[in-house]
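# how does the following fold in three dimensions:
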Amino acid sequence: MRTDDGVRIEALYEPWDGTPGGLSGGATGELAIVVAHGFTGSVDRPAVRRAARVFTQYAAVITFSFRGHGGSGGRSTVGDREVLDLAAAVRWARSLGYARVVTVGFSMGGSVALRHAALYGNGPGVHGGRTEARTAMAVSSSAPAHTDAVVASSGPAHTDAVVAVSAPARWYYRGTAPMRRLHWVVTRPVGRLVGRFGFRTRIHRREWDPVPLSPVEAVARIASATPLLIVHGDRDPYFPLDHPRMLAAAAAGTSGLHELWIEPGMGHAENAAHETLLTRIAAWLAGVTAA
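Residues are numbered from 1 along each chain as shown. You can find the predicted model right below:
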């Protein structure tokens, strides 16, 4: 795929596997799930492949590597311009003929999925319940500017439902040791070398300017027609439970369908998402979009 700012993104399309009880169809059928991985992940990571394998029992699945990750081009902006990557994947799913396209994001991918749902709305031309002009961006992939005012004009890229797993509620959180280590990787030259050679993640050296819409702000702007599911483990070593509760509180201020699942014993993101949970998520998406 190629994003609206010209970054080449590796992606994989897998059709519904035909499992009895799954709710999907073929290239002209019903439902496609787009999976957004966490920071340092990629399309070929075992946890991403496990999620895709479970999801194909219910729908077609598109997995991809965010910019700066795996075989994709560009450099990671740690959740800012990655919204363009997710939009490209959703647009590709719709171009394949799927009438219903939903997003599932893990950790950083969860924050991207929330901002994507807020910025692209539910249906062409809708943003937070109001119509606004959509303008395509054609800038260098190295540009650090944020994307909160950017919406593609090259095709529909809205999501019909969104799931955020282990997502943060606010930026710059350093309240846990894993997040302090992550900030070191992102902000220090030596840390970015570790990211590049240790995790196959190429990180942009520039800071956000301006700071993009926070996940909790994004939740409050998601259109009421877009169902939202927030999933978080009670043993998440990165983000404690005040994060999902803040997201749920923001969703409660809207009129849309939303749910919060606190998973006992679960750790962080796709690596901690077992098959039973992934199956429940897929079934929830199939149900709310069918309804």
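# what comes up buried for the biggest helix by length in the chain?
Within the chain, and with DSSP state H defining each element, the longest helix by residue count is helix 275-290. Applying a neighbour-count criterion of 16 or more other C-beta atoms under 10 Å, the buried positions in helix 275-290 are L277, L278, I281, A282, W284, L285, A286, V288, T289. In short, each C-beta sits where N, CA and C put it, glycine included.
# same check, this time on stretch 45-58
For stretch 45-58, the buried set under the neighbour-count rule, 16+ other C-beta under 10 Å, comprises R45, A47, V48, R49, R50, A51, A52, V54, F55, T56, Q57, Y58.
# got it, and stretch 170-179?
W171, Y173, M179.
# and what about E259, helix, strand or coil?
The three-state label given to E259 by DSSP: H, G, I helix; E, B strand; the rest coil is strand.
# re the thing from before, out of the buried residues of stretch 45-58, which is nearest to E30?
Set against E30, the nearest of these by C-beta to C-beta is Y58 (10.0 Å).
# host element of that closest one?
Of the helices and strands defined by DSSP states H and E, none includes Y58.
# was I right about it contacting W16?
Yes: taking contacts as C-beta atoms under 8 Å, Y58 lies within contact range of W16: 7.4 Å.
# just the CA coordinates for the longest helix of the chain, please, in PDB.
Included here for helix 275-290 are C-alpha records, laid out as PDB according to Å, rounded to 0.1, in the frame of the first residue of the first chain:
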ATOM      1  CA  GLU A 275      -7.100 -16.900  21.600                       C
ATOM      2  CA  THR A 276     -10.200 -16.900  23.800                       C
ATOM      3  CA  LEU A 277     -10.100 -13.100  24.100                       C
ATOM      4  CA  LEU A 278      -9.300 -12.700  20.400                       C
ATOM      5  CA  THR A 279     -12.300 -14.900  19.600                       C
ATOM      6  CA  ARG A 280     -14.600 -12.800  21.900                       C
ATOM      7  CA  ILE A 281     -13.300  -9.600  20.200                       C
ATOM      8  CA  ALA A 282     -14.000 -11.000  16.700                       C
ATOM      9  CA  ALA A 283     -17.500 -12.100  17.700                       C
ATOM     10  CA  TRP A 284     -18.300  -8.700  19.300                       C
ATOM     11  CA  LEU A 285     -17.200  -7.000  16.000                       C
ATOM     12  CA  ALA A 286     -19.300  -9.300  13.900                       C
ATOM     13  CA  GLY A 287     -22.300  -8.800  16.100                       C
ATOM     14  CA  VAL A 288     -22.200  -5.000  16.400                       C
ATOM     15  CA  THR A 289     -21.600  -4.500  12.700                       C
ATOM     16  CA  ALA A 290     -24.400  -6.900  11.700                       C
END
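# which residues touch H268?
Contacts for H268 were tallied using C-beta atoms under 8 Å, 6 or more residues apart in numbering; they are G38, S107, S166, P178, G233, D236, P237, Y238, F239.
# my bad, D234
Residues near D234 by C-beta under 8 Å, 6+ apart: L241, I262, E263, P264, G265, M266.
# now swap in S76 and tell me
With contacts taken as C-beta under 8 Å, 6+ apart, S76 has the following neighbours: F39, F66, R67, G68, H69, E82, T201, R202, I203, H204.
# that one bridge partners, please.
Beta-bridge partners recorded for S76 (DSSP bridges): I203.
# any figure for the gap between it and V34?
Distance from S76 to V34, counting by C-beta to C-beta, to the nearest Å: 18 Å.
# just the CA coordinates for stretch 85-94, please, in PDB.
Only the C-alpha atoms of stretch 85-94 are listed here, as PDB (Å, rounded to 0.1, in the frame of the first residue of the first chain):
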ATOM      1  CA  ASP A  85      -1.000   4.000   7.500                       C
ATOM      2  CA  LEU A  86      -4.200   2.700   9.100                       C
ATOM      3  CA  ALA A  87      -6.400   4.800   6.800                       C
ATOM      4  CA  ALA A  88      -4.600   3.300   3.800                       C
ATOM      5  CA  ALA A  89      -5.300  -0.300   5.100                       C
ATOM      6  CA  VAL A  90      -9.000   0.500   5.700                       C
ATOM      7  CA  ARG A  91      -9.200   2.000   2.200                       C
ATOM      8  CA  TRP A  92      -7.600  -1.100   0.700                       C
ATOM      9  CA  ALA A  93     -10.100  -3.300   2.500                       C
ATOM     10  CA  ARG A  94     -13.000  -1.300   1.100                       C
END
